[in-house]
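Undergrad: My questions are about this predicted structure, shown below with the sequence.
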Amino acid sequence: MTEVALFGNPNTGKTSLFNQLTGSYEYVGNWSGVTVEKKVGLLKDKQVTLIDLPGVYSLNPLSEDEKVVSNFLLYEKFTSILNIVDASQLERNLKLTLQLLEYEKPVTIGLNMIDVAKSRGLHIDINKLMEKLGTKVYPIIARTGKNCHILVDELSKQQDNKKSSFQLNYGDVIEEGIAKFSRALTNRKVNAPIRWLAIQAFDGNQVVVQYLGTILTNELVNDIIRETEEKLMKSGIATNLIERIEIVRLHYIRHILSSSTTHMLTNEQTFSDRLDKIFTHRFIGIPLFFAIMFLMFMVTFNWIGFPLSDVLEGFITGPLTTMIAQGLTSLGVSSFIQSLLLDGIIPGVGGVLVFVPQIFLLFFFISLLEDSGYMTRVALLMDRTMEGIGLNGKAFIPMIIGFGCNVPGIMAARTIEQPKERLITILITPLMSCSARLPIYALFVSTFFVKNQAIVVFSLYILGIVLALSLAKLFSKTILKNEQSIFVIDLPPYRLPHMQTLMRSTWDKGKGFVKKAGTVIFGGAVVIWFLSISGTAGLNVSIDKSFLAAIGGMIAPILSPLGFGTWQAGASLITGFFAKESIVSTMNIIYHTADMDQLHSVIASAFTPLTAYAFLAFVLLYIPCLPTVATIKKETGSYRWMIFTIIYTFLLAYLVGFIIYQVGKFVGIS
């Protein structure tokens, strides 16, 4: 089967093109780091596999996700290369293109955002561009799918035995060094073209240098690199190999552009320029971002979300439950199974599903901001703040992604080049309020803060951000002293979101919540129900004498200084470790409520507004869920940092909950 590798700079529409060509859907956002691992799909109606790789500016890896690309080129088999290029940023994008052409595989170029280039007065002669690069170039618009079908036909014709004949001359000194590598590797089995390996080694690609060291020896590889660089310095052409290679490539790129592009000069500001004067303004940019976020919460919780949830809740607790109960009775199902379904599964799973409207509304707005190009501006705005705490604006991107789910947020930290900054970002991302916490917020704010639901939820998000930034500052000054880093990020043009992409993005984010309700929470509801009806005396015991009460009772004294020292709260928090949404389903089962109105009533008697807010703050901050903990172990490669995160988040949650409750009680808040 033909296998095509998809390469491109970050934010060039690479994943959008992947979705268009394969008919599948992967997470698409307007910032670098969306694709943090390779993704594989089949081209529509063709026996062609398309492999979507992380976006990179160069094949010389600086961050963890960029290493995926170099390792792919060294160790994976594929037929040809599809390189997506931003037509409006040709000079920068063609640097990667030249390196791909040197790999000697057939290369097809998808010239994306041709509409953006045209709007900026840039005219591209496609035929001239193809002539200079020696490969086929197809103008496309990946977001809408325009001309993407032509790429499908072209890629299906690619053959592995065809090679790119493209070759740049880097000057006598480097060419002599390439020849030395070629002689040293003669009769050696290598997984990539020898010339490409030599150039990458000279260009500072440490993944390639290490690979060559396993075939030759580290000493021999370093000797060739050092000798070549010394000769280059003596010649006076450049101070080092990387500089010389950069100069040759840049000179050739500018030669290509001078003959294939025409720029119609215009003094008129683009639409994006005019918007950036507002959204990236030094003083009003950040307040405007928080105002937009607050508006999102108002719509999600006050204006639209809860009326929709009430309708769904009425259906689940009313007609659906009645229909299931009648069906079970008519079928003669045992009382044990009826209790399992009616007292365990339906309250447990249904109690979470009623909050689906809020989840999908929030994801809709997040997708809207992503697809419009605004989220990248947020990272730019936050760079000054992040720099003050030892990070840079790029670290804010995983935090934003963490609003949806902490797991992909932590994985997105791979795009951060500096190892210590990457580790700090991983450690603080679990403090971002993910969608799994929303059902808990929704339950409590609709009980205690009816008139101020959006304000209370918004305050929890802000609390998470403020504490995350504060801890990042602490970590960067103590256990993880940082080195200075440089923040570079592309600002894509503002775009009117494509409705189909917007709907698919919203569904892709939200379906994980629904899927979890049907799997993890379903299984959890069964376990919780069984623990609630069984005890040392056997089955059908009163819930106060159940195993669940005993488990919750063990940690209830610890929670007493926080204001919610009951076994019910303790048991709920334990199940929240497996999935935060399980807290709601556990409470539904524990309090044995028929509908949300009853649950609101019971919670209102078990908590006060003060203890409710302390509980919500604790839920926001305490131990991350099991998948997040596993991801931290995977991304850091260390049990030490995983355990550290578990301990520090619990202690932080306890401290914040204690302060909220004790201070509130001291000033007379009930």
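TA: Nice, thanks for sending it over.
Undergrad: which parts of the helix of greatest length in the chain are buried?
TA: In the chain, taking DSSP state H as the definition, the longest helix is helix 639-666. Within helix 639-666, the residues that count as buried by 16 or more other CB atoms under 10 Å are 641-642, 645-646, 648-649, 652-654, 656-658, 660-661, 664. Any C-beta I mention is one placed from the backbone N, CA and C, and that applies to glycine too.
Undergrad: Show me what that helix is packed up against.
TA: Where contact means 3 or more CB pairs under 8 Å, 6 or more residues apart in numbering; DSSP states H and E, helix 639-666 is packed against helix 419-428, helix 453-477, helix 609-621, helix 626-636.
Undergrad: If we use 10 Å, what do you get?
TA: Counting by 3 or more CB pairs under 10 Å, 6 or more residues apart in numbering; DSSP states H and E, the packing neighbours recorded for helix 639-666 are helix 419-428, helix 453-477, helix 547-559, helix 609-621, helix 626-636.
Undergrad: could I get those as JSON lines with distance to Asn9?
TA: Shown next, in JSON lines, are the helices and strands packed on helix 639-666 (distance: least, CB to CB, whole Å):
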{"stretch": "helix 419-428", "distance to Asn9": "20"}
{"stretch": "helix 453-477", "distance to Asn9": "28"}
{"stretch": "helix 547-559", "distance to Asn9": "50"}
{"stretch": "helix 609-621", "distance to Asn9": "36"}
{"stretch": "helix 626-636", "distance to Asn9": "24"}
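Undergrad: want to throw those into a markdown table with mean neighbour count, mean pLDDT and distance to Leu59?
TA: Output for those, formatted as a markdown table (neighbours: other CB atoms under 10 Å; pLDDT from 0 to 100; distance: least, CB to CB, whole Å):
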| stretch | mean neighbour count | mean pLDDT | distance to Leu59 |
| --- | --- | --- | --- |
| helix 419-428 | 23 | 92 | 20 |
| helix 453-477 | 19 | 94 | 30 |
| helix 547-559 | 18 | 95 | 52 |
| helix 609-621 | 24 | 97 | 41 |
| helix 626-636 | 19 | 92 | 23 |
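Undergrad: so which of the ones you listed comes closest to Glu76?
TA: Taking CB to CB, helix 626-636 is the member of those nearest to Glu76, at 20.6 Å.
Undergrad: give me every residue that touches the residue nearest to Met382 when sequence neighbours are not counted.
TA: Among residues not flanking Met382 along the chain, Phe396 sits closest, at 4.3 Å (CB to CB, 6 or more residues apart in numbering). Contact analysis of Phe396 by CB atoms under 10 Å, 6 or more residues apart in numbering lists 31, 375, 378-383, 385-386, 425, 465, 468-469.
Undergrad: Quickly name whichever of these is closest to Gly23.
TA: Trp31 (24.3 Å).
Undergrad: returning to what we had before: ok and the longest helix of the chain relative to helix 419-428, angle-wise?
TA: Helix 639-666 runs at 50 degrees relative to helix 419-428, counting by axes from the mean of the first three to the mean of the last three CA atoms, to 10 degrees.
Undergrad: starting at the chain centroid, how far to helix 639-666?
TA: 26 Å (CA atoms, centre = their mean, to the nearest Å).
Undergrad: Same check on stretch 62-81?
TA: Remark: stretch 62-81 is offset 20 Å from the chain centroid, using CA atoms, centre = their mean.
Undergrad: Alpha carbons of that stretch, in PDB - could you do that?
TA: The C-alpha coordinates for stretch 62-81 follow below in PDB (Å, rounded to 0.1, in the frame of the first residue of the first chain):
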ATOM      1  CA  LEU A  62      14.200  21.600  19.300                       C
ATOM      2  CA  SER A  63      11.200  20.200  21.100                       C
ATOM      3  CA  GLU A  64       9.900  16.700  21.900                       C
ATOM      4  CA  ASP A  65       7.200  16.700  19.200                       C
ATOM      5  CA  GLU A  66       9.700  17.700  16.600                       C
ATOM      6  CA  LYS A  67      11.800  14.700  17.400                       C
ATOM      7  CA  VAL A  68       8.800  12.600  16.300                       C
ATOM      8  CA  VAL A  69       9.500  13.900  12.700                       C
ATOM      9  CA  SER A  70      13.200  13.200  12.700                       C
ATOM     10  CA  ASN A  71      12.700   9.700  14.100                       C
ATOM     11  CA  PHE A  72      10.000   9.100  11.500                       C
ATOM     12  CA  LEU A  73      12.400   9.900   8.700                       C
ATOM     13  CA  LEU A  74      15.100   7.700  10.200                       C
ATOM     14  CA  TYR A  75      13.100   4.600  11.100                       C
ATOM     15  CA  GLU A  76       9.700   4.500   9.300                       C
ATOM     16  CA  LYS A  77       9.000   3.300   5.800                       C
ATOM     17  CA  PHE A  78       6.900   5.400   3.500                       C
ATOM     18  CA  THR A  79       6.400   6.000  -0.200                       C
ATOM     19  CA  SER A  80       6.300   9.800  -0.700                       C
ATOM     20  CA  ILE A  81       6.000  13.100   0.900                       C
END
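Undergrad: which of the contacts of Phe396 tops the neighbour count?
TA: Thr425 (30 neighbours; other CB atoms under 10 Å).
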